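# Give me the fold of what follows.
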Amino acid sequence: MHMRFLLFSIQLLLFVTQSKKRGLSLEEKREKMLQIFYDSQDFFLLKELEKSGPKKGVISQSVKDVIQSLVDDDLVFKDKIGTSVYFWSLPSCAGNQLRTVSRKLETDLQTNKKRHTELVEQCNALKKGREQSDAREEALNELKAIEQKHKELKVEACLVMFWSLRN
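Numbers count the residues shown, from 1 in each chain. As a prediction, the model looks like this:
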């Protein structure tokens, strides 16, 4: 009796561990679906992709969402011809897109480097004349006092206006 229970427990444990296969992440699904396009270098209908997806490990229910995410990222192209919607992606298209993105990033990098240099120069120019000195410290203290007086006068003006409206 004890031996049967032990054997049953082991079988149950094996079943549970085998059935808990980890599903593919979205990124893995995207890679697998792209591989379908790159391997065949052909045009597909959504129905054909839903049949090809499970062969690569992507369940057919998620194929549509995965393909749409690839279309949104311009890795897969789609075009409606008549009543059918065709999807395609060629390895050369991906290479061209990567080169375009790379050129854009290089241009942005150069622009940002130039802007950074300009801002550093502007910051250094603004620092001139702001070195710590007794005169500067005195002027800053005077400015703080004036700002405090300004706040007090604003409060007083609000109170006067409030009382004049009540009477």
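# Distance of the spatially most central residue of the chain relative to K104?
Nearest residue to the geometric centre of the chain (Cα atoms, centre = their mean): D73, 11.8 Å. Using Cβ to Cβ, to the nearest Å, one gets 15 Å for the distance from D73 to K104. (Each C-beta comes from the backbone N, C-alpha and C, glycine too.)
# Equivalent analysis for L159, please.
58 Å.
# now L165
In this view, L165 and K104 are 60 Å apart by Cβ to Cβ.
# okay, the two: which has more neighbours?
Legend: neighbour count by other Cβ atoms under 10 Å for L165 and K104, higher for K104 (10 against 7).
# quick one: the more buried one is in a strand?
No - K104 sits outside any strand when classified using DSSP: H, G, I helix; E, B strand; the rest coil, being helix.
# Beyond the helix or strand of the chain with the lowest mean pLDDT, next helix or strand please.
Within the chain, no helix or strand scores below helix 2-19, which has a mean of 53 by mean pLDDT, DSSP states H and E. For helix 2-19, the following helix or strand on the C-terminal side (DSSP states H and E) is helix 26-40.
# quick one: contacts of whichever helix or strand comes after that following helix?
Once helix 26-40 ends, the next helix or strand along the chain (criterion: DSSP H and E) is strand 44-45. Under the criterion Cβ atoms under 8 Å, 6 or more residues apart in numbering, residues I36, F37, S52, S84, V85, Y86, F87, W88 lie in contact with strand 44-45.
# Just the buried ones among those, please.
By neighbour count, with 16 or more other Cβ atoms under 10 Å, these hold I36, F37, S52, Y86, F87 as buried.
# any chance of those in TSV, with distance to V63 and pLDDT too?
Below are those laid out as TSV (distance: Cβ to Cβ, whole Å; pLDDT from 0 to 100):
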residue	distance to V63	pLDDT
I36	10	91
F37	12	88
S52	8	89
Y86	15	94
F87	10	93
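# Which single one of those is nearest to K127?
When the buried ones among the contacts of strand 44-45 are ranked by distance to K127 (Cβ to Cβ), F37 comes first, at 56.3 Å.
# so who does the closest one touch?
So F37 contacts F44, V76, F87, W88, S89, L90 (Cβ under 8 Å, 6+ apart).
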